[in-house]
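output the structure for:
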Amino acid sequence: MFKPRFRYTNKIVRLLTKISMAKEVILHSPLIPRWEVALRGEAIIHSAHSSTSIEGNRLSLEQVSNLAQGREVIATRKDKQEVLNYLKVLRNLGKISKENKISEKDILSIHRMLTKDTLENPSDCGTYRKR
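Sure thing, here's the model as predicted:
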C-alpha cells in the first residue's frame with residue numbers, strides 16, 4: 001500500500017483554509033437567473049457539438065450555435081438534422097422522463113427523436129437493432 005510521506009505545514013494549512021472558504025462563498029452565492037439561462041444554453045450547445053462530433057458530425061461549434069439560435073448554416077442536411085435533433089432532446093429531457101426516472105420506453109423515444117430524418121431506414125428509429 002502506498003504511504004506518502006508528507007507533513008502539514010503552516011503554509012499548507014493556511015492554503016487549505018483559503019480553499020475551503022472560497023468553496024463556501026461559491027456554494028452560497030446566488031446565481032442571477034439571466035446568467036443561469038445563458039449558461040444552460042451554452043452548455044446545451046457545447047454538449048450537442050461534442051456529442052454529435054464524436055459520432056462523425058462535421059459541424060463546428062459556431063455552426064451548432066447558429067443552428068441553436070435558428071440561423072441557417074451551410075452544411076449537409078444530415079449533419080444539420082443530427083444537431084437539431086440532439087438540441088431538441090437536450091431541451092426536452094425533463095419532459096421526456098417521468099419523475100426523474102428514465103425507462104426503456106423513454107430510451108427508445110429518445111433514440112427515435114435523435115435519429116429522426118437521419119437514418120437510411122426510418123423504421124430503425126426508436127427500435128433495437130435486428131441481427
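
and residue 21, what helix or strand is that in?
helix 10-27 (DSSP states H and E).

what's the following helix or strand after that helix?
helix 33-54.

just the residues contacting that next one, thanks.
59-61, 64-65, 68, 79, 82-83, 86-87, 90-91 (CB atoms under 8 Å, 6 or more residues apart in numbering). No exception for glycine: its C-beta is placed from N, CA and C like everyone else's.

can you flag which of those residues belong to helices?
Secondary structure from DSSP state H places 61, 64, 65, 68, 79, 82, 83, 86, 87, 90, 91 of the contacts of helix 33-54 in helices.

list only buried entries from the residues you listed.
64, 65, 68, 79, 82, 83, 86, 87, 90 (16 or more other CB atoms under 10 Å).

next, count neighbours for residue 60.
13 (other CB atoms under 10 Å).

that one and residue 75, how far apart?
9 Å (CB to CB, to the nearest Å).

and if you look at residue 127?
From residue 127 to residue 75 the distance is 27 Å (CB to CB).

of all the contacts of helix 33-54, which two lie farthest apart?
60 and 91 (20.6 Å; CB to CB).

what about residue 48, how many neighbours?
27.

which ones are touching the closest residue in space to it that isn't next to it in sequence?
Take residue 48 and drop its neighbours on the chain: the residue closest to it by CB to CB, 6 or more residues apart in numbering is residue 86, 4.6 Å away. Going by CB under 8 Å, 6+ apart, residue 86 touches 47, 48, 51, 52, 114.

how near is residue 112 to residue 129?
Distance from residue 112 to residue 129, by CB to CB: 14 Å.

okay, the two: which has more neighbours?
residue 112 (16 against 5).

hmm, that one is touching residue 128, no?
No. Using CB atoms under 8 Å, residue 112 is not in contact with residue 128, being 11.9 Å away.

pull the residues that contact stretch 107-115.
82, 85-86, 88-89, 92-93, 96, 124-128.

what does stretch 116-131 give?
78, 81, 82, 85, 108, 109, 111, 112, 113, 115.

distance of the second one from residue 59?
Meaning residue 81. Relative to residue 59, and taking CB to CB, residue 81 is found at 11 Å.
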